[in-house]
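Asks: what follows is a predicted structure for the sequence shown.
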Amino acid sequence: MHGSGIPIWFFIGVLLVVYGLMIFGYGIYEWQTGSYPPLVELTRLHTPIWWGALLALLGIFYVVKFRPGQAK
Amino acid sequence: MLGLVPASLPAGSLPSLPALMAFAVAPLAHLRPLDIAVIAIYFCMVIWIGFYLKGRSNTSEEFFMAGREMTAWIAGLSFVSANLGSLELMGWAGSAYQYGILATHWYWVGAIPAMLFLGLVMMPFYYVSKTHSVPGYLNLRYGEHARILAAISFASEMILMSGVNMFAMAVVMRVVLGWSLTFSILVSSVAVAAYVGLGGLRSAIFNEVLQFVLIWGGALLVPILGMVQAGGVGGLKTKIISNMHSDSYFHLWRDTGHFAANPMGTHWSGIVFGLGFVISFGYWTTDFLVVQRVLAAHNLRAARMAPIIGSFFKMAVPFIVILPGLLGLVLLQNPDGSHRQLVGEDVVKSCSVNPSSDRLDDSAGCATAMATRSTLPAAYQQKVLAGIPGSELHSYNDVLPLMLVRYCGPGLLGLGITALIAGFMSGMAGNISAFSTVWTYDIYKPLINKKGSDSHYVLVGRLSILIGVAISIGAGYLVQHAHGIMDYVQALFSFFIAPLLGAILMGMFWKRATAPAGFLGLLAGIVSSVSMFVWVKYDHAALAVVALYPDATDMAANLYRALWAFIITATVIFLVSLVTRPRPVAELDGLVYGVTKLPKEDPVPFYKNEYMWAILVVIIFAALNILFW
């Protein structure tokens, strides 16, 4: 977005970091305790861990690249 | 959005919302605290964005047009996101379950050519004329009467669709999560009213981009994990052919030579001319809900690039919509491990359970419906009739949430549900922001108060958002109590948008088109479309005339009715123009092709050139159609 103010991508980055960390954290807990939700398929793939990490990394990229004062 | 809803919606999820409500079953999913936290954070974020942007929405240009300072990327993503409502996601996934990849036509031939046409050919006229809305363009080209007719019909459609969206979201949340209708309606309407009312179009666009990212982040896992479980593309094909005994599910065009040769009951001519031309061009080039996003671009090049950028993402959407529908065909299971078959909404309705007695309302009707309108195994039908727990029926339109529940545990499920909510809210916000602009600029200003100050019109815009949301809530509850209204809501698109396309194309590309012709053509198109709808409604045999085939589906009837409405509009404009006085050519500068001097754009490197990207879109589009021929 042009003009002054916080770029939209920064908001998206923040939200992705928060969501990514929450889901990643739950994935670690799930893996450590072995308490997988019943009826959910493919738990052996540990989806929350890699998907959460992916979201968080993408979010960090946006937060850093579009942090206020840095974005053009 | 309405214009591109699939057959499963006109004949399925929207009309059947009351059926869903009556069908008392356990919710599909149960949210854990982590899921609720994910959803709550989303609501906090969108409302905070509204408050944050309030200070940058003080003038009418800022409030209604987002200051015309959006980059091509922002405008392009918002352009696609405003169309990517959850009803559409769920409806098309359900259609893919029923019809296979034929449903993809609504994302490819039914969108891409029109998006490129908007960007490369039409956008210069919208942008150079500096109009605030599509009815505003009609005012410049044809005069006040055409504008008022278009504005009133458009504003009515927007507000009704917003209400339908709101109500549909509430019903889906009830079915999926067990939330009460009132709770869902209140939460979503307050959130949308807050962030659009505070930050105007800028806030709506801002949130649409956010929602677009969330929709992908929440829905992308389903096809990825589904493909892993199905054994890749080869495994999916083998399983579908084995289960369905047909390979029609993988062909876009091969079986469209005759109405009866494909499960959709349509013909390639309807797909190409009805969908690919009239409906698609009508929606993507004249529906102000989407055009408004592109008008907010910061210069002409960005305005032309926005639809082209959007077209790349539009081509990719079937991956998160159509593919889950196909995967659902072979992967969904009943609690006992047997293959789960989804059924039509009519069958679900026939087998609705009385909440007070926990028994079927009409056992005989249910048995007949399952026997005649489904392929459920006899043993499973007996389980349904006996009311055995876990044997509830689910409709085609439930395929996406069912797949979501299948693969997503705590956190991921919250993200998926947030994606659905985000989709609903972006659709509602799009309708409300477009309504506010059309109401203020094309109805209030010319008819009620022509001499208001700029701040007065901003105030009117904010109030119209609040009033629009209130009317939407009323429309939502009206739909709940008057089921027949849904039939008419589904047909709104062909009533208004197809004639609008005829009027705008004739006006934009034929300098001889006159003001009386524009108004009369638009009126004739609307009246004829409504008449055809009523005719078929009361005389089913009329389908043979309107849709060229006596057993045409609702979808095919919509396609052909839109095509006729367009032809009638264009013909009336042509004939009336011949006998009325045209405007001097000098007055048409900036409005008509051939007499407009477009501003010269600075040269840019090839990778920023819109024509280069458009050619790339065309190549990918052609390759996909050949690949899935």
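Replies: In hand now; what should we look at? What you are looking at is a predicted structure, and each value in this text was computed from that prediction instead of being measured.
Asks: against chain A, how distant is residue B:621?
Replies: Separation of residue B:621 from chain A (Cβ to the nearest Cβ, to the nearest Å): 27 Å. C-betas here are computed from N, CA, C, even on glycine.
Asks: that residue: which element?
Replies: helix B:610-627 (DSSP states H and E).
Asks: show me what that helix is packed against.
Replies: On a contact count with 3 or more Cβ pairs under 8 Å, 6 or more residues apart in numbering or on different chains; DSSP states H and E, helix B:610-627 meets helix B:112-117, helix B:300-316.
Asks: pLDDT of the last one, averaged?
Replies: For helix B:300-316, mean pLDDT is 92.
Asks: is any part of that helix close to chain A?
Replies: No: on the criterion Cβ under 8 Å from any Cβ of the partner chain, helix B:300-316 is out of touch with chain A, staying 9.6 Å away.
Asks: hmm, who's touching the helix or strand following that helix?
Replies: Downstream of helix B:300-316, the first helix or strand assigned by DSSP H and E is helix B:318-331. Outside helix B:318-331, the residues within contact range by Cβ atoms under 8 Å, 6 or more residues apart in numbering or on different chains are B:88-89, B:92-97, B:100-101, B:103-104, B:107-108, B:215-216, B:219-220, B:222-223, B:226-227, B:229-230, B:236, B:239-240, B:243-244, B:249, B:339, B:342, B:399-400, B:402-403, B:406.
Asks: switch the cut-off to 7 Å
Replies: For helix B:318-331, contacts defined as Cβ atoms under 7 Å, 6 or more residues apart in numbering or on different chains pick out B:89, B:92-97, B:100-101, B:103-104, B:107, B:216, B:219-220, B:222-223, B:226, B:229-230, B:236, B:239-240, B:243-244, B:249, B:399-400, B:402-403.
Asks: residue closest to the middle of chain A?
Replies: By Cα atoms, centre = their mean, the mean C-alpha position of chain A lies nearest to residue A:20, the distance being 2.2 Å.
Asks: what distance do you get for that residue to residue B:35?
Replies: Per Cβ to Cβ, to the nearest Å, residue A:20 is found 15 Å from residue B:35.
Asks: one more: residue B:278?
Replies: Remark: distance between residue B:278 and residue B:35 (Cβ to Cβ) = 42 Å.
Asks: between those two, tell me which one has more neighbours.
Replies: Remark: of residue B:278 and residue B:35, residue B:278 carries more neighbours, 27 against 23, as counted by other Cβ atoms under 10 Å in any protein chain shown.
Asks: residues touching the more buried one, list them.
Replies: With Cβ under 7 Å, 6+ apart, residue B:278 has these contacts: B:498, B:501, B:562-563, B:566.
Asks: switch the cut-off to 6 Å
Replies: Applying Cβ atoms under 6 Å, 6 or more residues apart in numbering or on different chains to residue B:278 gives the contacts B:498, B:562-563, B:566.
Asks: in helices only, show me those.
Replies: Members of the contacts of residue B:278 lying in helices (criterion: DSSP state H): B:498, B:562-563, B:566.
Asks: what is the nearest of the residues you listed to chain A?
Replies: The nearest member of the ones in helices among the contacts of residue B:278 to chain A, counting by Cβ to the nearest Cβ, is residue B:498 at 34.3 Å.
Asks: what helix or strand does residue A:9 sit in?
Replies: Secondary structure from DSSP H and E places residue A:9 in helix A:8-33.
Asks: and that helix, what's buried?
Replies: The neighbour-count check on helix A:8-33 (16 or more other Cβ atoms under 10 Å in any protein chain shown) flags A:8-27, A:30 as buried.
Asks: contacts for the helix or strand that that helix is followed by?
Replies: Sequence-wise, the next helix or strand downstream of helix A:8-33 (DSSP H and E) is helix A:47-65. Residues external to helix A:47-65 that are found in contact with it (Cβ under 6 Å, 6+ apart): A:9, A:12-13, A:16-17, A:19-21, A:23-24, A:26-27, B:411-412.
Asks: helix, strand or coil for the residue nearest to residue B:570 when sequence neighbours are not counted?
Replies: Once flanking residues are discounted, residue B:570 sits nearest to residue B:502: 4.4 Å by Cβ to Cβ, 6 or more residues apart in numbering or on different chains. Residue B:502 falls in the helix class when you classify it by DSSP: H, G, I helix; E, B strand; the rest coil.
Asks: hang on, residue B:502 packs against residue B:565?
Replies: No: applying Cβ atoms under 6 Å, one finds residue B:502 not in contact with residue B:565, separated by 7.4 Å.
Asks: show me where pLDDT drops low in the stretch 51-200 of chain B?
Replies: Counting by pLDDT under 70, the stretch 51-200 of chain B contains low-confidence ranges at B:86-87.
Asks: can you name the helix or strand that residue B:414 falls in?
Replies: Following DSSP H and E, one finds residue B:414 within helix B:412-438.
Asks: and that helix with helix A:47-65, angle?
Replies: In terms of direction (axes from the mean of the first three to the mean of the last three Cα atoms, to 10 degrees), helix B:412-438 departs from helix A:47-65 by 50 degrees.
Asks: by contact count, what packs against helix B:412-438?
Replies: helix B:33-54, helix B:86-99, helix B:144-177, helix B:181-219, helix B:288-295, helix B:454-481 (3 or more Cβ pairs under 6 Å, 6 or more residues apart in numbering or on different chains; DSSP states H and E).
Asks: hmm, back to that, state the distance from the residue nearest to the centre of chain A to chain B.
Replies: Counting by Cβ to the nearest Cβ, the gap between residue A:20 and chain B amounts to 9 Å.
Asks: and the nearest residue to that residue once chain neighbours are set aside, how far is that from chain B?
Replies: Among residues not flanking residue A:20 along the chain, residue A:56 sits closest, at 2.8 Å (Cβ to Cβ, 6+ apart). Separation of residue A:56 from chain B (Cβ to the nearest Cβ): 11 Å.
Asks: now do the end-to-end distance for stretch B:327-338.
Replies: Start and end residues of stretch B:327-338 are separated by 16 Å (Cα to Cα, to the nearest Å).
Asks: show me what counts as buried in it.
Replies: Within stretch B:327-338, the residues that count as buried by 16+ other Cβ under 10 Å are B:327-332.
Asks: measure how buried the residue nearest to residue A:20 is and give me the count.
Replies: Using other Cβ under 10 Å, residue A:56 has 20 other residues around it.
Asks: what do you get for residue A:59?
Replies: 22.
Asks: same check on residue B:184?
Replies: The tally of other residues near residue B:184 (other Cβ under 10 Å) stands at 21.
Asks: show the pLDDT at residue A:71.
Replies: At residue A:71, pLDDT is 51.
Asks: then residue B:348?
Replies: 82.
Asks: didn't it look like it was pressed against residue B:395?
Replies: Yes: between residue B:348 and residue B:395 there is a contact under Cβ under 6 Å: 4.8 Å.
Asks: hmm, back to that, please report how far the residue nearest to the centre of chain A lies from residue B:404.
Replies: In this view, residue A:20 and residue B:404 are 19 Å apart by Cβ to Cβ.
Asks: low-confidence regions, chain A specifically.
Replies: Within chain A, the segments meeting pLDDT under 70 span A:1-4, A:70-72.
Asks: mind doing that once more with 50?
Replies: Scanning chain A for pLDDT under 50 picks out A:1-3.
Asks: ditto for chain B
Replies: In the predicted model, chain B carries pLDDT under 50 at residues B:1-24.
Asks: what parts of it come near chain A?
Replies: Within chain B, the positions adjacent to chain A are B:34, B:45, B:69, B:74, B:206, B:209-210, B:213, B:225, B:298, B:406-407, B:409-412 by Cβ under 6 Å from any Cβ of the partner chain.
Asks: if we go to 7 Å?
Replies: Proximity of chain B to chain A (Cβ under 7 Å from any Cβ of the partner chain) is limited to residues B:34, B:37-38, B:41, B:45, B:49, B:56, B:67, B:69-71, B:74, B:206, B:209-210, B:213, B:217, B:221, B:225, B:228-229, B:298, B:406-412, B:415.
Asks: mind giving me the ChimeraX command for buried ones among the residues you listed?
Replies: The ChimeraX command for the buried members of the residues of chain B next to chain A (criterion: 16+ other Cβ under 10 Å) is given here:
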select /B:34,37,38,41,45,49,56,67,69,70,71,74,206,209,210,213,217,221,225,229,298,406,407,408,409,410,411,412,415
